[in-house]
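Q: Build me a model:
(chains A, B and C)
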Amino acid sequence: MSHVTKINLTDTRPSHWPERLIKALLLASSLVAVLVTVGIVFSLLFEAVRFFKIIPIQAFLFGLEWNPQTAIRADQIGAKGEFGAVPLITGTLLISTIAMFVATPLGLASSIYLAEYAGPRTRAIVKPLLELLAGIPTVVYGFFAALMIAPLIRLTGTSLGLEVASESALAAGLAMGVMIVPLISSLSDDAINAVPQSLRDASYGLGATQAETIKKVVLPAALPGIAGGLLLATSTAIGETMIVVMAAGLAANITANPLEAVTTITVQIVTLLTGDQEFDSAKTLSAFALGLLLFTLTLLLNIAAQKIVNHYRERYD
Amino acid sequence: MTDHFTKMTPELKRRLRNEQWFQWMGRGAIFVAIAFLLVMVSTIASMGVGALRQTHIELSVFLDPQKLDATRLHDADYGRLIKKALRSRFANVTKRRDKRKLYNLVSSQAEYTLRDLVVRSPSLRGQTINIWFTASDDVDMLIKGNIASSTDETQRRIDHREASWINDLISKGQLESRFNSRFFWSGDSREPELAGILSAFVGSLFSLLVCFGLSFPLGIFAAIYLEEFAPKNRWSAFIEVNINNLAAVPSIVFGLLGLAVFLNAFGLPRSSPLVGGMVLALMTLPTIIIASRAALRAVPPSIREAALGIGASPIQTVFHHVAPLALPGMLTGAIVGMARALGETAPLLMIGMVAFVADVPNSIFEPATALPVQIFLWADSPERAFLEKTSAAIIVLLCFLIVMNLAAILLRRKFEQRY
Amino acid sequence: MLKMTSSFMALALGAGLFITSATMASARDRIRIVGSSTVFPFATTVAERFGKSTKFKTPIVESTGSGGGLKLFCAGSGDQHPDIANASRRIKQSEINRCAKNGITDTIEVKIGYDGIVLANSRRSKPLDLTLKDLFLALAKNVPDGKGKTKPNPYKSWRDVNPALPDIKIEIMGPPPTSGTRDAFVELAMEGGCEAFPWIKSMKKTDQKSHKALCHTIRSDGAFVEAGENDNLIVQKLQANPTAFGIFGFSYLDQNIDKIQGSTINNIEPGFENISDGSYPVSRSLYFYVKKSRIGKVPGVKEYMAAFTSDKAWGPEGYLSDKGLIPMSDTERKDWAAKVKNLEKLTM
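A: Numbers count the residues shown, from 1 in each chain, chains lettered A, B, ... in the order given. All right, here's what the predicted structure looks like:
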C-alpha cells in the first residue's frame, strides 16, 4: 500500500449548521454498516434462542443425527425429529475441503505465473477471463454441476468399479473449487506484488533462478497474505449456497468419502425455509440457528484472515 | 575460463529444468481454469441456442359468425374454432384419443392468439383465414431432435401418427421454424413454448435500481466519512473492521435478515423488487464502501491542500474537489457490486421471490422474480423444453453481466487520471 | 461545482424517499397464492389462463410447500397475507385453530383432483413389479426378523426383499422429510406395506407409537438417497444411473415417459385411469383453500375459483390433465363444484 500523507480534515473553526448536518449525515451513513451487523446478529439470535428453548444447544451442536422431521399431521407420533448439526458441519467441511483442494493449486499457480512470468499482454487477456469466472452467478455453476459434472463423475467412477452417489460431494466441490480460483488468484496476486523488488534482486544476485527465487524468497515473504486469502476463500466456500442446493444432496451423512452424498448448512437453510413448514416449529426455527452457526463460522474465519493480512501489511509498509 | 559459461553442470541443468517445469505448472493452471470456463459456457450455449427458434404451424381457420357473437368477441370460445380447423385439416382422424393428440399439435394457448387477432380486426368475422400458430412444446422438441426416436412408440410423447401429421405439415410448407422473439418479449408461462424472460428481466432491473438507489449514496457517504473525517480512534477502527467483515458474510445470511426484519418486522410486500433490492443493497454496501475509499485515497493530497488553502471549508473541499475526482472510481466500484448483486439467488429465495410471475411488473412494489431465480425455477420444471429455456436464460444473464463489466472497464479507462 | 453538491444531495434525498414510500402499503389489485409445490404447476396454469382470458391481472403464485403456505395463509386476513393456499394434503386441525386465532374462520375448501406417487427408473433397465410390502421392506429402517421382533434392515438387493425380483442393488432417490411428497409416500406406501404383517397391524391399536416409528421411518444407510425437491433433476440423474429408482409425482413420469418408466405396485400400473379410480394404491388428494372474506376485496377471487373448477380446467379433457393432474370422477367433481358455487365453509 503506497501511502500518501493523510490530511485530517477535522476542522477546529466553528462551522455552519448545514455543514454540521452534512457531517452528521456522513457519520450516519457509515453507521448503517454497523446497524446491518447488529440487525443480522439480533434477528438470528432472537429466533435461534427460541429454537434452543425447544432443542438444547448442546444437542444441536454435538448431535450426530440430522432429521428435521416434525409431525406433519397432528396425530403423527414418533417422528419428533433430530436436530444434531454435526453431519451438516462435516458435510460443509467435506465439500469446502474438496473445493480448496481444487482451487488452491490452480489459483496459486496461476497467480504466480501472472505476477512473475506473464508479459503485460498475457495479463491483459488472462486477468479479465479469470475475473469473468468469478463473475458467473453461482446458480449457473450449480446448473452445470448437477447436469454435467455429476453424471460424468458417476460414469467415470462406475467404470472404475467405484460406488458413486448421484449427488456426490465431489461434483459440488469441483464446481465450487473452480468458482473460488479467481478469488485465491487475485488475493495471492496482491500479496505477491506487495513483496518488495529488492528481495527478488538480492536472490537473483546470489545466483538463484526465477523459480528458486519465487519458491524460497517471494512465497515465504507473501505467505501471510496468501494464507489470509485462503482463509477468506474457505469462508466463501462454506457460505456458498446455490451450487450445493442444486448439485449436493440432502442426505445428512457423516463421511469423508467424496463419492458419497452429503448435505451442507446452507442447503438445509434453503430447504427448511422453502419446503413444507410448520409454524413456530423447531424445524423452521432451526434454519435461524443454522444461520447463526454459519455466520459465526465465517466471521471467525474472516477475522482470522484479516488479522493475518494486517499483521503482514505492517511489515512492508 | 569460457568453459564455465558454455558447459552446464548437471546441477545447473536440473535447476533450469525445474525452472521450466515451474513455469509450465503456472500455464497449466491458467489453462485448466479457462478451459473449464469455455467448456461450461459453450455447453450451456449449445443447449440454449435452441430456445432462439420456435416451431410454428399454419392452419386455415373459419371464423364462424355463428360461434362469434359480434358484441362479445372477447369472450368467445376460440379454442373450438382451432380444434375444428385441425379436424378439417386432418379429416381422417376420428377416434377420440387421436383427436386429443391432434389438438396437442398447437400450443394449448393458441386460442388467445386467435382471439387477439379477431378482437383487433372484427371485420374478419365470417372469413376463412390462414394463421401461423405457435406449435406445442412436444412438436417443437421433435423438430429440434430432442425426442429419442429409439424408444417404443407407445411410450414416447410423440407417436408415429403424430409424426406423420407433422411430416405432412412440413411437406405442405405449413410448418416452420422461426426466430423466437416471444422469449424476449413475454413473461413467464407454464407452457414452455410461450415462456419468456421479460418479467424476470424487469424484476432484476427494478431490484438493481432499488439496490443502487440505496447502496450508492450510503456507500459513498460512509466512504467519505471514513476516509476524510473519521478521527483515528477505536470507534473508527471498529466500523472499519465491521465493514470488512460484512463484505465476507455469506449472502444467504442477508436473506435471513431480510426475512426476519423487512418482511416479518416491517411487513413490507413479499417477493417485491423493493425488498429484494434492499437485501441486495445491504449486501453490496461493503463492496461500494471499500471501492469508494480506494478511489478517495487515490486523489492526491495536493487537491485538498489547494482547496483548503484558498479558504474552502472541509465539507466544501470534499464535495467540490475531492469527491468529483473520485466519482468515476466510485461508480466503477458500484457497477462491479451491482453485477454481483445481479447474479445473486440465495437471499432472494429467502424473501419469496421464487414466485410464478407472468405479468411484467410495473413498479417496485409488485411481485416479481429475478433472472437467476427464473433460471432456478425453470431448472425445476417438469417439461423437457424448459431445459433449453434455462440455458438460454443463463446466456442472457451472462450477456447482461458482461455488458455491466464492460461499462465498468470503459468508465475506468475514460476517467483514469494520473496525478 | 455547486451542481456536484446538489446532485449528491439529490441522491441522498432519493434514498430517503425510497424508504418512506416503502412504508406506504398499496391496496392489492391481484390475487396472491402460496403453497404446495405439487399443486404449483396446476395453480400457475390456471392463473396464467385466468390472466389472459379475463380482465383481471394474473395472480401471483408462490411455491412454499403445503405447510409453509398454510402458515402464511393463516397469519392474518389483511392485504399483506395471501388469499389462497394450495396444499397436497388436507388442512390440519392445528392449522384451522391457528387461522381462527388470527380471525380467519371463513375458509373455503376446494378439492381439485389427485396426484399419484410413482417409483420409476430409466427405460434402459426393466421395470419392477412390486407390492407395498416389497416397498416397505426395501425402504424401512427396521424390518421384522420373522420372530415377532425387528432388526435393522439387512437387505442390499431387491432379490433379498423378494426372490421374484431381480438381483439389483437397492438405490432409491426420493424427497427429503421437508417435502409433502415424502409424507404422503410414507403414509400411503410404507404404512400400507407395513400392515402386510398382521402383528404390526395389530400393534396399531396397542402401541401406536412404536407402530408409527416402525412403519414411518426410512432407512438412512445409503440405500435411500434424499434428492431434493428438484424433481426434474432426479429424472436426469435416473437416466445417468440405470439401476437407481426415483420417487416423485406422476406428472414428472408423464412428462418424461420416453426416458423413464413407472414400476407397478400391487400389479397396478401407475396410469391416469388407475390413479383416478383409486386402484393405484399410492395416490393423494390435492386441495386449495380460500378466505371467503377476500371475495370482493381482491378483484377476481370468485372468478378464479370458478375458472379452476370449470370442466375446461379440471375435467378429464381439461387443460390441467395435460399438465398431469388426475381428475376426480364426474360425481365428485359435481359435488365440489357445487360447494364452491355456494361458497360453503370448510368442515372437518
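Q: tell me the pLDDT at the residue in the stretch 151-300 of chain B positioned nearest to chain A?
A: Across the stretch 151-300 of chain B, the shortest distance to chain A (CB to the nearest CB) belongs to residue B:250, at 2.5 Å. C-beta: built from backbone N, CA, C; applies to glycine. With respect to pLDDT, residue B:250 has a value of 93.
Q: And the pLDDT for the residue nearest to it when sequence neighbours are not counted?
A: In this structure, residue B:250 finds its nearest non-sequential neighbour in residue A:239, 2.5 Å apart by CB to CB, 6 or more residues apart in numbering or on different chains. You'll see residue A:239 listed with a pLDDT of 93.
Q: now do the one 10 residues further on
A: In the prediction, the pLDDT value recorded for residue A:249 is 75.
Q: what do you get for residue A:287?
A: 89.
Q: For the helix or strand hosting it, enumerate the helices and strands it packs against.
A: According to DSSP states H and E, residue A:287 maps onto helix A:282-316. Packed against helix A:282-316, as judged by 3 or more CB pairs under 8 Å, 6 or more residues apart in numbering or on different chains; DSSP states H and E, are the following elements: helix A:17-54, helix A:219-239, helix A:265-274, helix B:234-246, helix B:251-257.
Q: Please produce JSON lines containing the ones you listed, extended by mean neighbour count.
A: Converted to JSON lines, those look like this (neighbours: other CB atoms under 10 Å in any protein chain shown):
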{"stretch": "helix A:17-54", "mean neighbour count": "17"}
{"stretch": "helix A:219-239", "mean neighbour count": "22"}
{"stretch": "helix A:265-274", "mean neighbour count": "26"}
{"stretch": "helix B:234-246", "mean neighbour count": "17"}
{"stretch": "helix B:251-257", "mean neighbour count": "27"}
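Q: Output those helices in JSON lines; the columns should cover distance to residue C:162.
A: What follows is the helices and strands packed on helix A:282-316, written out as JSON lines (distance: least, CB to CB, whole Å):
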{"stretch": "helix A:17-54", "distance to residue C:162": "41"}
{"stretch": "helix A:219-239", "distance to residue C:162": "44"}
{"stretch": "helix A:265-274", "distance to residue C:162": "33"}
{"stretch": "helix B:234-246", "distance to residue C:162": "58"}
{"stretch": "helix B:251-257", "distance to residue C:162": "44"}
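Q: Looking at those, which is nearest to residue A:213?
A: helix A:219-239 (9.5 Å; CB to CB).
Q: Does chain B have contacts with the lengthiest strand in chain C?
A: Determined from DSSP state E, the single longest strand within chain C is strand C:107-122. No - Strand C:107-122 lies apart from chain B when judged by CB under 8 Å from any CB of the partner chain; the minimum separation is 11.1 Å.
Q: same check, this time on stretch C:278-294
A: No - judged by CB under 8 Å from any CB, stretch C:278-294 makes no contact with chain B; its nearest approach is 14.3 Å.
Q: Quick check: mean pLDDT of that stretch?
A: Stretch C:278-294 comes out at a mean pLDDT of 90.
Q: And for stretch B:231-245?
A: 88.
Q: what's the distance between that stretch and the middle of its chain?
A: Mean-position distance between stretch B:231-245 and its chain equals 36 Å (CA atoms, centre = their mean, to the nearest Å).
Q: which stretches of the stretch 101-250 of chain C have low pLDDT?
A: Counting by pLDDT under 70, the stretch 101-250 of chain C contains low-confidence residues at C:178-179, C:228-233.
Q: so where do the helices sit in it?
A: Secondary structure of the stretch 101-250 of chain C (DSSP state H, counting those that start in this stretch): helices at C:132-139, C:158-161, C:180-185, C:191-194, C:198-206, C:208-216, C:231-240, C:250-255.
Q: do the same with the stretch 1-150 of chain B
A: B:3-6, B:10-48, B:78-89, B:96-103, B:110-120, B:137-143.
Q: How far away from the center of its chain is the last one?
A: Using CA atoms, centre = their mean, the distance from the centre of helix B:137-143 to the centre of the chain it belongs to is 25 Å.
Q: Over to the longest one?
A: The gap between the average C-alpha position of helix B:10-48 and the chain average comes to 31 Å, counting by CA atoms, centre = their mean.
Q: looking just at contacts, which helices and strands does that helix meet?
A: helix A:86-112, helix A:120-135, helix A:138-144, helix A:169-193, helix A:210-213, helix B:386-415.
Q: one step back: between the helices of the stretch 1-150 of chain B, which gets the lowest average pLDDT?
A: Mean pLDDT per stretch puts helix B:3-6 lowest among these, at a mean of 57.
Q: thinking residue A:85 is in contact with residue A:59, fair?
A: No - counting by CB atoms under 8 Å, residue A:59 is not a contact partner of residue A:85; they are 9.3 Å apart.
Q: Have a look at those two and say which one is more surrounded.
A: Set residue A:85 next to residue A:59 and count neighbours by other CB atoms under 10 Å in any protein chain shown: residue A:85 wins out with 22 against 15.
Q: Show the contacting residues for the more buried one.
A: A:60-61, A:63, A:66, A:265, A:289-290, A:293 (CB atoms under 8 Å, 6 or more residues apart in numbering or on different chains).
Q: What subset of those residues is buried?
A: A:60, A:63, A:66, A:265, A:289-290, A:293 (16 or more other CB atoms under 10 Å in any protein chain shown).
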